[in-house]
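Chemist: Curious how this folds, go ahead:
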Amino acid sequence: MDNLQFPLEFSFKISTLSNDFLVKDGRGQTLAFVRQKMLKMIDEVQVFNNESKSTLKYTIKANKWIDFSAAYTFTNQLGKEVGRIARKGWASLWKAHYEIYDGNQQADLVVREENAWIKMADAVLGEIPVLNFFSGYFFNPAYIVCRPGGTQVVRLKKEQSFFGRQFSVTKLAEFESGEEERIVLGLMMMILLERRRG
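Modeler: Below you'll find the predicted structure:
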């Protein structure tokens, strides 16, 4: 998952009960079909090349039973660990905060929510009948991926929509070696976790 054409688009399927979404590049080409296995004690996400699920490209799996502080490991189709993402415990209660690690278990990227009030308003309005149709249009959380030094690399933003959920991923800086793969996989898992939170 290198040299991708940005911006990317994550589009959740609204016609299924499972958390499935498509990833498309800036040219509209399908890059991946992401499926979260349902009813499993340990979270597991499969990343396929397309909706036909002919080729499994990556597996993202929690390191423990459903837990507030679980880490999610990215494994490629050769069985090699290429990184992981972990929620920063109590720091994520109010404002989403994750760390992305490389294949050597070194934390090299941070994901932070830009404005926690937007997501709170989205979650509250989303629970009110009739008004919940408008929450996805007016409240659109965004997340920034940055290096420890503060350099912003990527921005993920929920797009305005009445039905369904779409997110765009915009590139803000040139990638260093291996970052692109880890960031995209990390954001795939993070967005599933954030949707569960509300």
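Chemist: what bits of this structure have low per-residue confidence?
Modeler: Applying pLDDT under 70 to the chain flags residues 15-18, 41, 65-69, 89-94, 116-139, 161-164, 196-198.
Chemist: switch to 80 and redo it
Modeler: Applying pLDDT under 80 to the chain flags residues 1-2, 13-19, 38-42, 64-69, 88-95, 115-140, 160-164, 195-198.
Chemist: quick one, strands of it?
Modeler: Using DSSP state E, the strands found in the chain span residues 8-12, 20-24, 30-36, 44-48, 56-62, 71-76, 81-87, 97-101, 107-113, 142-146, 152-158, 166-171.
Chemist: Could you pull out the buried residues of the longest helix anywhere in the chain?
Modeler: For the chain, the longest helix by residue count, based on DSSP state H, is helix 179-197. Within helix 179-197, the residues scored as buried using 16 or more other CB atoms under 10 Å are 179-194. Just so you know, the C-beta spots here come from the backbone N, C-alpha and C atoms, and that holds for glycine as well.
Chemist: can you redo the strands of the chain as CSV with mean neighbour count and distance to Met1?
Modeler: Below are the strands of the chain laid out as CSV (neighbours: other CB atoms under 10 Å; distance: least, CB to CB, whole Å):
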stretch, mean neighbour count, distance to Met1
strand 8-12, 19, 10
strand 20-24, 19, 9
strand 30-36, 20, 7
strand 44-48, 19, 9
strand 56-62, 18, 8
strand 71-76, 20, 9
strand 81-87, 21, 9
strand 97-101, 21, 14
strand 107-113, 19, 15
strand 142-146, 20, 15
strand 152-158, 20, 13
strand 166-171, 19, 12
